[in-house]
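> Sequence plus the predicted model coming up.
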Amino acid sequence: MIDILINVTLLAFLAITSVAILRMTNLFAIVMLYGIFSLLSAGLFVVMDAPDVAFTEAAVGAGISTVLMLATLALTRSRKRGHEGDYEEKPSRAHRPWLPLAVVGITGTALVYGTWDIPGFGDPNAPAQTHVARYYIENTMSDTGVPNMVTAVLASYRGFDTLGEVAVVFTAGVAVLLLIGGRRPKSGAKVKSEGGEDEA
């Protein structure tokens, strides 16, 4: 009974947070609410006995994603600083979306073509259903002692694979932070003019 109450409460908080995100216009508040949404989702996964998924959601959703979005907000401005310190509007640039559209179209077509050989959803004759699924169903509790089969597969049977996935996500997050967190000139730094003289 307590599990049902916790599930309903977390689901209600998720719904309230989703509605709040949809109604917000402040980007900083939206990023914060996204982090709260990820933490609530992680709590829901813990209640459902899936701590591995909860850990991934907390680390990627509430951790790395929130940090990257906040860093992006900190580095982007709608206006740029002029030569004398005042802000001036950025000139608008003509945007030609044909190349990105072509790349997305070709990639999407290749992905759709690659899914034609995949067995249908829930197909009992699929290789995953005829080989390893029966073994997992019959031996998960005796092999691992974990009540949740998905957690047993990810954290025990595929433990090294899952560890590799976490390492890849962490490495990607660090690489993005290094790319967007480069050294920026201070606002009070001296600017060297073309004639070689320093200007304040």
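Looks like it came in fine. Numbering: from 1, shown residues only.
> C-alpha only now, for contacts and for neighbours.
OK.
> per-residue pLDDT, residue 113?
Among the per-residue scores, residue 113 holds a pLDDT of 89.
> Let me fix that, I meant to ask about residue 193.
47.
> i'd like the first residue to be 42 from this point on
Will do, 42 is the new start, and the previous item becomes residue 234.
> where do the strands sit along this structure?
Read by DSSP state E, the chain holds these strands, from start to end of the chain: 120-122, 128-130, 232-233, 239-240.
> ok, now how distant is residue 67 from residue 74?
Noted for residue 67: a distance of 11 Å to residue 74, by CA to CA, to the nearest Å.
> Can you pick out the residue with more neighbours from the two?
For residue 67 against residue 74, the residue with the higher neighbour count under other CA atoms under 10 Å is residue 74, and the figures read 19 against 9.
> which ones are touching residue 207?
Contact partners of residue 207, counting by CA atoms under 8 Å, 6 or more residues apart in numbering, are residue 97.
> mind checking how far it is from residue 185?
Residue 207 sits 21 Å away from residue 185, going by CA to CA.
> Run a quick neighbour tally on residue 99.
In terms of burial, residue 99 registers 22 neighbours under the definition other CA under 10 Å.
> from what I can see it touches residue 83, true?
Yes: Residue 99 is in contact with residue 83 according to CA atoms under 8 Å; the separation is 5.8 Å.
> Ramachandran coordinates for residue 67?
Dihedral pair for residue 67: phi -80, psi 120, per degrees, to the nearest 10.
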